[in-house]
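Novice: using only what follows, build the 3D model:
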Amino acid sequence: MLNYIFGGMIVLSVICAIATGNGESLADGIISGAKSSVELLVTMSGMMLLWSGIMEIASRGGFTAVISRLLSPLLMRLFRNVPKDSKAMNCIGMNVSANLLGLGNAATPFGLSAMGELKKLGGEGDTATDDMVTFVVMNTASIQLMPTMVGVLRQSCGSAQPFDILPCVWISSAAALTVGLVIAKVLR
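Specialist: Below you'll find the predicted structure:
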């Protein structure tokens, strides 16, 4: 549905630009927008590759396992049906640690693995378990101690201090996570 909406907006914009004699401005806008998109894509891809590599090294070196163990008491309270030493709990811990560092898409492979493992532990058909719902809420509204990807975006847009938003990020992400978890537990 959104494809049709955006497609319609593009067609309408082209028609309006031609009808008002602004075809040249439209062409300039398209070219500069494409250039900006490619530059942003290269910047974001480089950062995602860097942090994905760092997370892989951290995983192989045991750093994420240490973080998972540190988070284990909290995660065990949230995921009561997941065994402590299961692969699902390890993947959840790695996903949470990547999200704490604000790595965004670098956390995705761990999140997909965690969801697959949670599905093996008790999912029936297409119905999500309570632990799966809790994990999705945690993954979506995660607390970010260092929002790396947002900092990169702000820096690429010319921000002199890309991380001056940290207190706002901490407060808003903590509030979103708290509200999400409370609602997930209440609706259980």
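
Novice: quick one: low-confidence parts of this protein?
Specialist: 102, 104, 123 (pLDDT under 70).

Novice: in the protein, where's the longest helix?
Specialist: In the chain, with assignment by DSSP state H, the single longest helix is helix 23-61.

Novice: checking the residue lying farthest from the centre of the chain next. Helix, strand or coil?
Specialist: Distance from the C-alpha centroid of the chain peaks at Gly21, with 41.8 Å (Cα atoms, centre = their mean). Assigned with DSSP: H, G, I helix; E, B strand; the rest coil, Gly21 falls in the coil class.

Novice: got it, and Val169?
Specialist: Assignment for Val169 (three-state DSSP): helix.

Novice: and it, how far from Val150?
Specialist: 7 Å (Cβ to Cβ, to the nearest Å). The C-beta positions use only the backbone N, C-alpha and C, and glycine is treated the same way.

Novice: one more: Ile165?
Specialist: The gap separating Ile165 from Val150 is 7 Å, by Cβ to Cβ.

Novice: contacts for whichever strand or helix holds Val14 next, please.
Specialist: Here Val14, judged by DSSP states H and E, is contained in helix 2-19. Residues outside helix 2-19 that contact it (Cβ atoms under 8 Å, 6 or more residues apart in numbering) are Asn22, Gly23, Ser25, Leu26.

Novice: redo that, cut-off 7 Å
Specialist: The contact list for helix 2-19 (Cβ atoms under 7 Å, 6 or more residues apart in numbering) reads Gly23, Ser25, Leu26.

Novice: stretch 36-55 too?
Specialist: Ala98, Leu103, Asn105, Ala106, Thr148, Met149, Val152, Ser156.

Novice: for that stretch, list the C-alpha coordinates in PDB.
Specialist: Output in PDB follows, covering the C-alpha atoms of stretch 36-55 (Å, rounded to 0.1, in the frame of the first residue of the first chain):
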ATOM      1  CA  SER A  36      23.300  12.500  -0.800                       C
ATOM      2  CA  SER A  37      21.700   9.100  -0.500                       C
ATOM      3  CA  VAL A  38      24.800   7.300  -1.900                       C
ATOM      4  CA  GLU A  39      27.000   9.300   0.500                       C
ATOM      5  CA  LEU A  40      24.900   8.400   3.500                       C
ATOM      6  CA  LEU A  41      24.700   4.800   2.400                       C
ATOM      7  CA  VAL A  42      28.500   4.500   2.200                       C
ATOM      8  CA  THR A  43      28.900   6.200   5.600                       C
ATOM      9  CA  MET A  44      26.200   4.000   7.300                       C
ATOM     10  CA  SER A  45      27.500   0.800   5.600                       C
ATOM     11  CA  GLY A  46      31.100   1.500   6.700                       C
ATOM     12  CA  MET A  47      29.900   2.000  10.300                       C
ATOM     13  CA  MET A  48      27.700  -1.000  10.200                       C
ATOM     14  CA  LEU A  49      30.500  -3.200   8.900                       C
ATOM     15  CA  LEU A  50      32.900  -1.800  11.500                       C
ATOM     16  CA  TRP A  51      30.600  -2.500  14.400                       C
ATOM     17  CA  SER A  52      29.400  -5.900  13.000                       C
ATOM     18  CA  GLY A  53      33.100  -6.900  12.800                       C
ATOM     19  CA  ILE A  54      33.700  -5.600  16.300                       C
ATOM     20  CA  MET A  55      30.700  -7.600  17.600                       C
END
